[in-house]
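**Q** quick one, fold the following:
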Amino acid sequence: MKSRTTLSLLVIIVLAFSLSACTRSAAAPEETIVLPEAATPDMEMVQAFATQTAVAAELFGEPTPEVTDDPLALPEIGETGEPGAEGTPEDSQPVEGQAEEPTVVVPQPTVETVRPASYTLQKGEFPYCIARRFNVNPADLLSLNGLTVAQSTALRPGLVLNIPQTGVFGAERALLPHPTQYTVQSGDTIYSIACKYGDVDPINIAAVNGLGAPYTLTVGTVLQIP
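**A** As a prediction, this is how the structure comes out:
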């Protein structure tokens, strides 16, 4: 009887030690937990982001560009090279206060130029310019008035010319393009200005500029030439 009791106690002690060892063995893994491989940072992505950050800092002059949801995305760059710029070249922007160049608008002449039977030369006129104005043959004009070629270029105010009623000038009558503007110079008259353009009637110059007889001009005045 005594032997059985002793044997039972030994069995209980052995079982108790076995259970204690199992408990310690089960708790051991909690002390040696290893992070899952998925938790390890992607070093290639980190290196790429660092490189692009340095490039952005050099381009934009900023230490760090704004971080977006995409760690590899650079800030939006306009054509001007600045973040978020629209990319419109500066030279295409309209300049404030800059006015467009005005277009010369010359009123139409109010007097139709007709070939008269005679004409009295005014200051600044000469026979050859009269031939252009009235579209007559210069040789016929000189012959009809008994003038030489040398005399046709002389300024002879007050000379009355007989104007041929047949024939044409025979060449381009205009000496300068018009309509246009002309700035009055010293010694100018509406007659001399008309001769500079060739086929312009001085009466029409006076009409479009609101000038009345004796058609006095002021140096520096801008006239409209029809």
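**Q** flag the shaky bits of the protein, pLDDT-wise.
**A** Residues of the chain meeting the criterion pLDDT under 70: 1-110.
**Q** could you redo the last one with a cut-off of 90?
**A** Confidence mapping of the chain against pLDDT under 90 gives the ranges 1-113, 149-156.
**Q** strands along that one, start to end?
**A** Assigned strands in the chain, in chain order: 118-120, 160-162, 180-183, 222-225 (criterion: DSSP state E).
**Q** in the first one, what counts as buried?
**A** This means strand 118-120. The neighbour-count check on strand 118-120 (16 or more other C-beta atoms under 10 Å) flags Tyr119 as buried. From N, CA and C alone the C-beta is placed, and that goes for glycine too.
**Q** now for it, which elements pack on it?
**A** strand 160-162 (3 or more C-beta pairs under 8 Å, 6 or more residues apart in numbering; DSSP states H and E).
**Q** contacts only, for Ala131.
**A** Counting by C-beta atoms under 8 Å, 6 or more residues apart in numbering, Ala131 touches 137-138, 141, 169.
**Q** tell me how far it lies from Gly210.
**A** 29 Å (C-beta to C-beta, to the nearest Å).
**Q** again with Gln181
**A** 15 Å.
**Q** over to Gly170?
**A** Gly170 is 35 Å from Gly210, by C-beta to C-beta.
**Q** of those two, which one has the most company?
**A** Gly170 (12 against 8; other C-beta atoms under 10 Å).
**Q** spatially nearest residue to that one (excluding sequence neighbours)?
**A** Of all residues not flanking Gly170 in the chain, Asn137 sits nearest, at 6.1 Å (C-beta to C-beta, 6 or more residues apart in numbering).
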